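Enquirer: following is a predicted model, sequence given first.
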Amino acid sequence: MKIILFGLWEQIKNIFMERRKNWRCARLSAIRLTMLSVLIQTLNDEERLARTLASLIGGAVEGVVRDVIVCDTGSTDQTHRVAEHAGCLYVASGGIAAGIRQAKGDWLLLLEPGARLGEGWIDEVVAHTARQTMPARFSRARGSRVPFLSRVLSGNRALAEGLVISKRQAAALSKNARSAEAIARGLATKRLDAEIWVAPVK
């Protein structure tokens, strides 16, 4: 009986390991197909930018984040140094449209400086871009949720929950939108399960 059970356990374990291997291969293939450029529009946001960039490290290590573009709008602090030290492309003129043109990825991730992505965002974005064409936003982390009425009264920021959007659609919208916030406003989007810690109000 023990021998039979041991043999059965070995078979189950081998099946599990094979499925796990196949899942990893499928995940790596999906990641390779996901070319994501991150765009962050800044104005005197050196500390906020550093926090956001730190949350993107996992995406860079996994190979999902192809490049990070900082579109500055006239900062007088050390925002440019933070961007350059992190290996970002720093765009000092031309606005968000210039950043979109220089993005290498087929998909863009627009974030407010100070926003931080939670665990699991990589797989969520990879899965979304593999099967969807519409834009998507992240879910607010519990600690950064604000009552609906408070958001309305304080001004609802369209980019607060980030935006995953195809480069083609973003480029088309940027012809009439002068900022990342304007691109995100009024879009029909899918809600991702991955969480985002919303940037605090300036």
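Expert: Nice, I can see it.

Enquirer: distance of the spatially closest residue to residue 184 that is not a sequence neighbour from residue 180?
Expert: Among residues not flanking residue 184 along the chain, residue 158 sits closest, at 4.0 Å (CB to CB, 6 or more residues apart in numbering). No exception for glycine: its C-beta is placed from N, CA and C like everyone else's. Distance, residue 158 to residue 180, using CB to CB, to the nearest Å: 9 Å.

Enquirer: higher neighbour count, the two?
Expert: For residue 158 versus residue 180, neighbours defined as other CB atoms under 10 Å are more numerous around residue 180 (25 against 19).

Enquirer: shouldn't that one be in contact with residue 43?
Expert: No - Residue 180 lies out of contact with residue 43 (CB atoms under 8 Å); the separation is 11.5 Å.

Enquirer: report the distance from stretch 182-195 to the chain centre.
Expert: Computed by CA atoms, centre = their mean, to the nearest Å, the chain-centroid distance of stretch 182-195 equals 11 Å.

Enquirer: residue 69 touches residue 99, doesn't it?
Expert: Yes - counting by CB under 8 Å, residue 69 touches residue 99, with 4.4 Å between them.

Enquirer: hey, what's in contact with both of those two?
Expert: 39, 89, 91 (CB atoms under 8 Å, 6 or more residues apart in numbering).

Enquirer: and of those, the nearest to residue 174?
Expert: residue 39 (10.3 Å; CB to CB).

Enquirer: secondary structure class for that closest one?
Expert: strand (DSSP: H, G, I helix; E, B strand; the rest coil).

Enquirer: tell me who's in contact with it.
Expert: So residue 39 contacts 68, 69, 71, 96, 99, 100, 103, 108, 109, 110, 111, 180 (CB under 8 Å, 6+ apart).

Enquirer: quick one: buried residues of the host helix or strand of the fifth one?
Expert: This means residue 99. In the assignment (DSSP states H and E), residue 99 maps to helix 95-102. Applying a neighbour-count criterion of 16 or more other CB atoms under 10 Å, one finds 95, 96, 97, 99, 100 buried in helix 95-102.

Enquirer: nearest to residue 83 among the residues you listed?
Expert: Using CB to CB, the buried residues of helix 95-102 come closest to residue 83 at residue 99, 11.6 Å.

Enquirer: wait, doesn't residue 58 sit right on residue 120?
Expert: No - at 10.0 Å, residue 58 and residue 120 do not qualify as touching, with contact defined as CB under 8 Å.
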